[in-house]
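Asks: Output the structure for:
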Amino acid sequence: MGGRTEQELEGVTLLGNQGTEYDFQYNPSVLEIFENKHQNRDYFVKFNCPEFTSLCPMTKQPDFATIYISYIPDVKMVESKSLKLYLFSFRNHGDFHEDCMNIIMNDLIELMDPRYIEVWGKFTPRGGISIDPYTNYGKPGTKYEKMAEHRMMNHDMYPETVDNR
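Replies: Numbering: from 1, shown residues only. Prediction:
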């Protein structure tokens, strides 16, 4: 199988662009997609963003988190540099942790229409308590819907971090 053609890369404009501009306000329009060349199989694409920042809507103080995004693509996939710029655009966005995770998931569902997606944030503790909101989605009427239900019911949100000692 050969590499990607210029036609397949037509909508990808940020990758390799030396004139990157950073948006300091929430901006889902920066997200870009490309075609999944492996639609015949299920596989996970996982992103870990250890430097996510948003603002508390009440105090306007910064909140810091590691954001985990895992999805099973269908036809479209999110381009990673655009995702990085999108997540950066939350820097001055004032919302609760739970809202940020649901906004991210909703934007990615609208963008890609994935088979399955989960988004969770591991926020730095404040006042001795941490908040780790988790949300997921599986396409209705498919095995992915059942997968989402199973993950939610069993609370197995962090399988990669389980200590098996």
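Asks: P114 and I69 touch, don't they?
Replies: No - counting by CB atoms under 8 Å, P114 stays clear of I69, with 10.2 Å between them. Every residue, glycine included, has its C-beta placed from N, CA and C.
Asks: between the two, who's got more neighbours?
Replies: Ranked by neighbour count (other CB atoms under 10 Å), P114 and I69 place P114 first, with 24 against 21.
Asks: any shared contact partners between P114 and I69?
Replies: Common neighbours of P114 and I69, using CB atoms under 8 Å, 6 or more residues apart in numbering, are L108.
Asks: who's in contact with F88?
Replies: Contacts of F88 by CB under 8 Å, 6+ apart are 22-23.
Asks: Please pull up the helix or strand immediately following the helix or strand where P50 lies.
Replies: P50 is part of strand 45-55, with elements assigned from DSSP states H and E. Following strand 45-55 in sequence order, the next helix or strand is strand 62-72 (DSSP H and E).
Asks: Okay, now the sheet partners of that next one, with direction.
Replies: Note on strand 62-72: by DSSP bridges, its sheet partners are strand 45-55 (antiparallel), strand 116-123 (antiparallel).
Asks: tell me the mean pLDDT over the helix or strand harbouring S82?
Replies: Element membership of S82, judged by DSSP H and E, is helix 80-88. The average pLDDT within helix 80-88 is 96.
Asks: still on that earlier bit, report the buried residues of the strand holding P50.
Replies: 45, 49, 52, 54-55 (16 or more other CB atoms under 10 Å).
Asks: and if you look at stretch 68-79?
Replies: Buried, per 16+ other CB under 10 Å, within stretch 68-79: 68-74, 76-79.
Asks: got it, and stretch 78-89?
Replies: Residues 78-79, 81-89 are the ones in stretch 78-89 that count as buried (16+ other CB under 10 Å).
Asks: The protein: strands as residue ranges?
Replies: Using DSSP state E, the strands found in the chain span residues 33-35, 45-55, 62-72, 76-78, 116-123, 134-138.
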